[in-house]
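# just coords:
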Ligand SMILES: Nc1ncnc2c1ncn2[C@@H]1O[C@H](COP(=O)(O)OP(=O)(O)O)[C@@H](O)[C@H]1O
Ligand SMILES: [Mg+2]
């Protein structure tokens with residue numbers, strides 16, 4: 001296995017509060033890697049640091065072997081590190097198809113800027129159609145995004161993100177506000193697409209059962225620090241993790 005993402009002593013302070021303290025994280029290519037921890041543990045901060053939305057106080061971030069510490073969200077996105085659903089906004093005035101095609105063109109631009117072969121610059125429209133089928137929106141592809149109800153909009157957001165062809169996709173509670181069934185089907189959809197398309201998935205998800213069932217590796221944060229990392233079984237058995245969840249919640 002190869003490492004796609006690595007943080008070294010990554011630290012973020014907000015005044016006297018250490019939101020992330022010396023976080024050392026290694027994400028293996030092709031895996032589903034979840035980050036869990038109580039509210040305020042620093043999960044979102046970690047994702048914000050990695051995707052360039054926040055600048056670290058100290059420490060470094062390597063992606064695909066290159067140091068990306070301090071790069072802007074746009075630069076990071078161009079490297080193939082995508083964060084749904086913030087970099088790739090839905091344009092209300094465009095149809096679902098147009099939204100996804102724009103994102104597919106972004107992937108083409110990225111490839112050409114990386115001097116890949118022109119052969120890989122295939123038809124963005126064709127790929128957009130495929131993706132809309134994948135996420136279950138084929139029959140609504142010519143409807144404007146503004147007309148989409150909440151659930152379909154989330155599917156469209158997933159489609160837009162897929163179209164950018166990320167190497168690593170980071171999802172911060174992608175199902176916030178969804179019911180349990182929608183949550184499970186959405187997370188399963190994203191994971192199936194990650195498998196098919198061969199990208200790595202990093203996930204923050206508060207539903208522990210879902211996390212346990214889909215993750216290869218779980219990192220547990222508490223008060224900004226990594227207190228455990230391992231397979232779901234290893235994490236479940238960890239006493240410090242059980243204490244962090246106040247001994248109550250069953251992992
Ligand atoms: N921009 C910010 N300014 C000040 N404090 C922040 C900021 N963002 C997050 N925090 C604080 O950092 C801690 C970690 O927050 P966060 O990363 O959002 O936790 P989580 O996502 O695990 O719930 C919290 O105490 C939060 O209040
Ligand atoms: Mg959060």
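In hand now; what should we look at? As the structure is a computational prediction, the values presented were derived from the model and not from experiment. Numbering: from 1, shown residues only. Ligands and ions are numbered 1, 2, ... in the order given.
# Looks to me like residue 130 is in a helix.
Yes - counting by DSSP: H, G, I helix; E, B strand; the rest coil, residue 130 is part of a helix.
# any idea how far ligand 1 is from it?
Using Cβ to the nearest ligand atom, to the nearest Å, residue 130 is found at 34 Å from ligand 1. Where C-beta positions appear, they are placed from N, C-alpha and C, glycine not excepted.
# Could you list the buried residues of stretch 145-155?
145, 148, 152, 153, 154, 155 (16 or more other Cβ atoms under 10 Å).
# With stretch 180-187 instead?
For stretch 180-187, by 16+ other Cβ under 10 Å, it's 183, 184, 186, 187.
# What count of nearby residues applies to residue 176?
Close neighbours of residue 176, defined as other Cβ atoms under 10 Å, add up to 11.
# Show me how this protein divides into domains.
Listed domain ranges for the chain are 1-87+167-190+198-251, 89-163 (source: automatic domain parsing).
# Kindly report which one of the ones you listed carries the lowest mean pLDDT.
In terms of mean pLDDT, the lowest-scoring of the domains of the chain is domain 89-163 (a mean of 85).
# Tell me the residues of the stretch 1-150 of the chain that contact ligand 1?
For the stretch 1-150 of the chain, the contact set with ligand 1 under Cβ under 6 Å from any ligand atom comprises 14, 17, 19, 37, 39, 40, 41, 42, 43, 44, 45.
# what's around the first one, how many residues?
Residue 14 has 10 neighbouring residues, counting by other Cβ under 10 Å.
# phi, psi of it?
phi -110, psi 100 (degrees, to the nearest 10).
# That one and residue 133, how far apart?
44 Å (Cβ to Cβ, to the nearest Å).
# same check, this time on the third one
Distance, residue 19 to residue 133, using Cβ to Cβ: 41 Å.
# out of those two, which sits in the more crowded spot?
residue 19 (23 against 13).
# Three-state assignment for the more buried one, please.
Residue 19 - assigned by three-state DSSP - is strand.
# which bits of the stretch 1-150 of the chain sit near ligand 2?
Residues of the stretch 1-150 of the chain that fall close to ligand 2, judged by Cβ under 5 Å from the ion: 43, 44.
# Check this protein and tell me which residue is nearest its centre.
residue 170 (1.3 Å; Cα atoms, centre = their mean).
# Can you name the residue of the chain nearest ligand 2?
residue 44 (3.2 Å; Cβ to the ion).
# Just want to check the distance between that residue and residue 158.
19 Å.
# who has more neighbours, the two?
Between residue 44 and residue 158, residue 158 has the larger neighbour count (other Cβ under 10 Å), namely 25 against 16.
# my guess is residue 165 contacts residue 109, does it?
No - here residue 165 lies out of contact with residue 109, judged by Cβ atoms under 8 Å, at a distance of 11.2 Å.
# the more surrounded of these two?
Neighbour count, other Cβ under 10 Å: between residue 165 and residue 109, residue 165 has more, with 22 against 11.
# Assumed the more buried one was part of a strand.
No - using three-state DSSP, the secondary structure at residue 165 is coil, not a strand.
# For it, list the residues it contacts.
Neighbouring residues of residue 165 by Cβ atoms under 8 Å, 6 or more residues apart in numbering: 80, 107, 110, 197, 199.
# got the buried residues for the strand or helix carrying the third one?
Assigned by DSSP states H and E, residue 110 belongs to helix 96-113. By neighbour count on 16+ other Cβ under 10 Å, the buried set for helix 96-113 is 96-108, 110-111.
# Can you tell me which of the residues you listed is nearest residue 129?
residue 97 (7.2 Å; Cβ to Cβ).
# Please report the distance of that closest one from ligand 1.
Distance from residue 97 to ligand 1, by Cβ to the nearest ligand atom: 34 Å.
# quick one, what contacts the closest residue to that residue other than its chain neighbours?
Among residues not flanking residue 97 along the chain, residue 141 sits closest, at 4.2 Å (Cβ to Cβ, 6 or more residues apart in numbering). For residue 141, the contact set (Cβ under 8 Å, 6+ apart) comprises 95, 96, 97, 129, 132.
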